[in-house]
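Asks: sharing a model that was predicted from the sequence below.
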Amino acid sequence: MPLSHAAANSRRRAGFLELKFTTRIALVFGALGLLALLVSMAYAYRTAEQSLQQEIDSALQQRHRAVENLIEIRLGLLDVYLQSAAANRIFTSVVDTQEEESPLDVLVEDMAFMFQDSALGANLDVFFIVDNENELVFDAGLPLYDIEPLFAAMRAPFIYSNRWSVVSTDNLTVLIKSVPLFDPATIQLRGYMFIGLAVGQNRAFLSEIADRADLDILKLGYEGQVLLRHAGVNFVSELDRQPQMGEVDISNNVYLLREAMSLPGGINNIWTEVGISADRFPSLTESYQQTFFLLSGGFIVLLLIAAWLIHLSHAQNVGRLMKYIQDIQSGTRGAVYVHGGIKEYNQVGSAMQEMVQDLNVAATVFESTEGMIVTDQNRIILRANEAFSEITGYSTEEAIGQPLDLIKSDRHETTFFSDIDAALDANDSWQGEVWNRRKNGDDYLQWTSITAVRTDDDDTVINYVVTLIDATQRKAAEMKITQLAFYDQLTGLPNRQLLMDRLDQAIAASVRHRKSGAILYIDLDDFKTLNDTRGHDVGDLLLKQVANRLLNCVRKSDTVARIGGDEFIILLEDLDIDLDIASQQVEVLAETILETLPAPYYIGGIEQFSTLSIGITLFQGEQDTFDELLKQADLAMYQAKAAGRNTRRFFNPSMQARVLEHAEVANDIRKGMHNHEFVLYFQPQMGQSRQLIGAEALLRWNHPTRGLVAPGGFISVAEETGLILPLGQWVLESACAVLAQWAQSPKTAELSLAINISARQLVQVDFVDQVISALHHSGANAQRLKLELTESMLLNDVEDTIQKMHQLRVHGVTFSLDDFGTGYSSLSYLRQLPLDQLKIDQSFVQDLAEQANHTTIAQTIVTLAKGLDISVIAEGVETEAQCIALTNYGCEAYQGYLFGRPMPLEELVAMAAQ
Ligand SMILES: Nc1nc2c(ncn2[C@@H]2O[C@@H]3COP(=O)(O)O[C@H]4[C@@H](O)[C@H](n5cnc6c(=O)[nH]c(N)nc65)O[C@@H]4COP(=O)(O)O[C@H]3[C@H]2O)c(=O)[nH]1
């Protein structure tokens, strides 16, 4: 991908400053090394200078002390000589002899002899004896030294000192010491013996000391005067120098130190000047070099080690970073930066990882199903994604570097593009449909969104991001949204929202075209029961099949919508302007629906039956709103339900009143139950020889204002409100009580009593318990109790019904199938049902003589019952002819006005007594 200008500039600027890290380290450490070298040079020079000075000082001091020691040793030796000579017996005797006035020559000879024979003689500079009158009696010193001036200097008064002291004359400077000589017998002082070292004249001694102290120059001085000098042949010229006392003179290639000596006897005015040739010390350069090399070498080695260690750890960490970067470049998913021991690198690695994650997200977004292009400010393509290639046919390699006009078609005016530019300038974005051109030359419509990307600082455009959505895809997405918003997801039919829209249009169209329209409100009968008993999945499948059947009944231009659970609406348009004719047109459709829809449904291999009720309302023009029309159709539908279901009703204004009445009735029923207004009537049932065999208990409502109300006036309301449950329970218990009462009398003991059971009662899980408990409490004979079920109630959950019937039959309870022939009875389940009786519906009985068709049905039912080995009873028998016909078919029991209307209990009992 081409670099952005900013990145290129930044790289250019970095240019010559960009160095490898190792080179940088080498340079930095090189500079540091150089600095260290200079510092260590200066330091080394200074240190070398100081240490050389110290070395010289210490050597000179040492030599000075050596000279001092050597003189002390010589003085100590002389002291020993003096003491030993003074203690010498011979010498003493000589003194004694002298006392006895022995000749002096004898003494001298003796002394001379003694000194000649001993090493003492060779070391004596000055040795003499004086008598107690200070007259020199013996001089055994070196003949070199004339002691007369010395002796003279010592008189006035004569110095006798047993400590070393200095006596200096013009020709002789001597360190001298004396001991008194006593007569051992009388202990009288006889004289003094003196011994001395001619420090100012004994050149041999000075040379010896200089040699032994390893000196090139040695001077001895007394107070301000130089006594003796000694210098090696090369240093004679240095003798004239006069260094300060106590200081080292370091010029002229000789180092000199003049220092006072500290000799025994407290002598401190004798001094030495010691000198050592500079050649005997390492030169300053030599010692400087040594220090310098040690220092700078060590420092540079340390620097090199440090540089190497830094290089190593840097190389390791850079290696980690490089590996991470290479992983990313090679497209390794989930590449992870491994943290090392350097915090800064870890920070860089972590920051990169976060950045890569962000970029991955961005890349994922970029590689979306929408075509995307990024251009520079001149609209040159910098990046394009796969979707772009798929849409346009240009590969990304072909597109990159090309102007955006690559995909431009000729379909737009130039003003179209200038408008886009203006929008981008003003809002930074533009959206709309654009005709673009594929690589193969085809033009295609595309939903295009362009966004300008500006710099943060000077707000100039640096990129354009162009998103291309294939308009067809967008249309599909829109359609999906529409589908979700306006269509029922289960059946795919329009939902309430879309219906509303279509109805508005239909109303408007009816005005425009002077036509009528109609709404059919369709509600499945007993759908709730199906849902409760077979589950929602089955319910959903039924609804889908119902939707398909409804669609098959209508024209393409009509709308079938689902607006609720089991509620469908059909919107018909283009009906005749004459409402009567329009009603006929709708009636035709309603008939078709009522004929088609109740046919069995097959769900999961099981037959399912479902009827429906239809409420119809017609409209013309805009006098009615959607809600009102829907309400009207709804009311009509309720009327259809009230009319026995599986039928249709048209809306008329009286319907509204009927609905209100419906609510009132429900309230009334509650009150009626509370006030014991319900009673049972009994309609006789006759055997083949027309004897009373039993009765059917039928509910009546002794209404305080409406008088005696038949079930038709309240049963449907009780069913819909659930009030049928307590009402049915009451009927069951009352019937059982009647049976128990009948059992008391032989006239009635054999009579059976049939009661109607509602579907709602039957589906109760404890229905069997309720019946058994009613029998138990009343003490009624179960065999006399007959439960009348209708066909439709059996259909919902046949298995459950059969099970309950079996459980009750075990106790003797019998079952009769009411209204037989009106529903969609199937032989397959009829065989499974543990029935005792089929009841031929009164509609077949009433028309018995007139319609051949019905004759066949009644006859078929009797034959069927015989085939199933169950009894048959016909209801609604009003005429003798009907009864005879039924008898001829083989029917063995009858119920109808011919034998008696439903009557109070007492009347039936009276009838039985006859
Ligand atoms: N035209 C004519 N009609 C005759 C004749 N013989 C009997 N009927 C009428 O036919 C209906 C027979 O009852 P159903 O089929 O069980 O039909 C019953 C039954 O389905 C329901 N019903 C009545 N009592 C109860 C009850 O206690 N519980 C339940 N769940 N439903 C009941 O109300 C329906 C109507 O009952 P009713 O009005 O009493 O109407 C009764 C009866 O009066 C005749 O010869 N000609």
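Replies: All right, it came through fine. Everything quoted here is computed from the prediction, not taken from an experiment.

Asks: list the buried residues of stretch 398-407.
Replies: Buried residues in stretch 398-407, counted by 16 or more other CB atoms under 10 Å: 399-400, 404, 406-407. Backbone N, C-alpha and C define where each C-beta goes, glycine included.

Asks: oh, that last question was meant for stretch 162-176, not what I typed.
Replies: The neighbour-count check on stretch 162-176 (16+ other CB under 10 Å) flags 164-169, 172-176 as buried.

Asks: over to stretch 301-312?
Replies: Using 16+ other CB under 10 Å as the test for burial, stretch 301-312 gives 303, 307, 310-311.

Asks: quick one: which of the buried residues of stretch 398-407 is nearest to the ligand?
Replies: Set against the ligand, the nearest of the buried residues of stretch 398-407 by CB to the nearest ligand atom is Ile407 (76.2 Å).

Asks: which residues are in contact with the closest one?
Replies: Residues in contact with Ile407, defined by CB atoms under 8 Å, 6 or more residues apart in numbering, are 392, 394, 436-438.

Asks: where do the strands sit along the stretch 51-200 of the chain?
Replies: Assigned by DSSP state E, counting those that start in this stretch, the strands in the stretch 51-200 of the chain fall at 126-131, 136-139, 165-168, 173-182, 189-197.

Asks: elements contacting the last one?
Replies: This means strand 189-197. For strand 189-197, the packing partners by 3 or more CB pairs under 8 Å, 6 or more residues apart in numbering; DSSP states H and E come out as helix 21-87, helix 89-99, strand 126-131, strand 173-182.

Asks: what are the ranges of the helices in the stretch 101-250 of the chain?
Replies: For the stretch 101-250 of the chain, the helices defined by DSSP state H, counting those that start in this stretch cover 104-117, 119-123, 148-154, 203-212.

Asks: next one: the stretch 701-850 of the chain
Replies: Assigned by DSSP H, counting those that start in this stretch, the helices in the stretch 701-850 of the chain fall at 715-721, 724-742, 759-762, 767-778, 791-795, 798-810, 827-832, 842-846.

Asks: the ones you listed: lowest mean pLDDT?
Replies: Among the helices of the stretch 701-850 of the chain, helix 791-795 has the lowest mean pLDDT, at a mean of 72.

Asks: find the nearest non-adjacent residue to Ala387, please.
Replies: Residue nearest to Ala387 in three dimensions, not counting chain neighbours: Gly371, with 4.5 Å by CB to CB, 6 or more residues apart in numbering.

Asks: who's the one you found bridged to?
Replies: Taking DSSP bridges as the rule, Gly371 bridges to Leu468.

Asks: for it, give me its contacts.
Replies: By CB under 8 Å, 6+ apart, the residues touching Gly371 are 384-385, 387-388, 390-392, 446, 467-470.

Asks: of those residues, buried ones?
Replies: For those, buried by 16+ other CB under 10 Å: 384-385, 387-388, 391-392, 446, 467-470.

Asks: and those residues as CSV, adding secondary structure, distance to the ligand and pLDDT?
Replies: Output for these, formatted as CSV (DSSP: H, G, I helix; E, B strand; the rest coil; distance: CB to the nearest ligand atom, whole Å; pLDDT from 0 to 100):
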residue, secondary structure, distance to the ligand, pLDDT
Ala384, strand, 76, 90
Asn385, coil, 71, 89
Ala387, helix, 67, 87
Phe388, helix, 72, 89
Ile391, helix, 69, 86
Thr392, helix, 74, 89
Gln446, strand, 68, 81
Thr467, strand, 68, 89
Leu468, strand, 69, 84
Ile469, strand, 63, 76
Asp470, strand, 64, 67
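
Asks: flag every buried residue along stretch 699-711.
Replies: 699-701, 703, 709.

Asks: about what we covered before: distance to Thr47 for the buried ones among the contacts of Gly371 - can I get that in TSV?
Replies: Shown next, in TSV, are the buried ones among the contacts of Gly371 (distance: CB to CB, whole Å):
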residue	distance to Thr47
Ala384	73
Asn385	73
Ala387	78
Phe388	76
Ile391	82
Thr392	81
Gln446	85
Thr467	77
Leu468	80
Ile469	83
Asp470	86
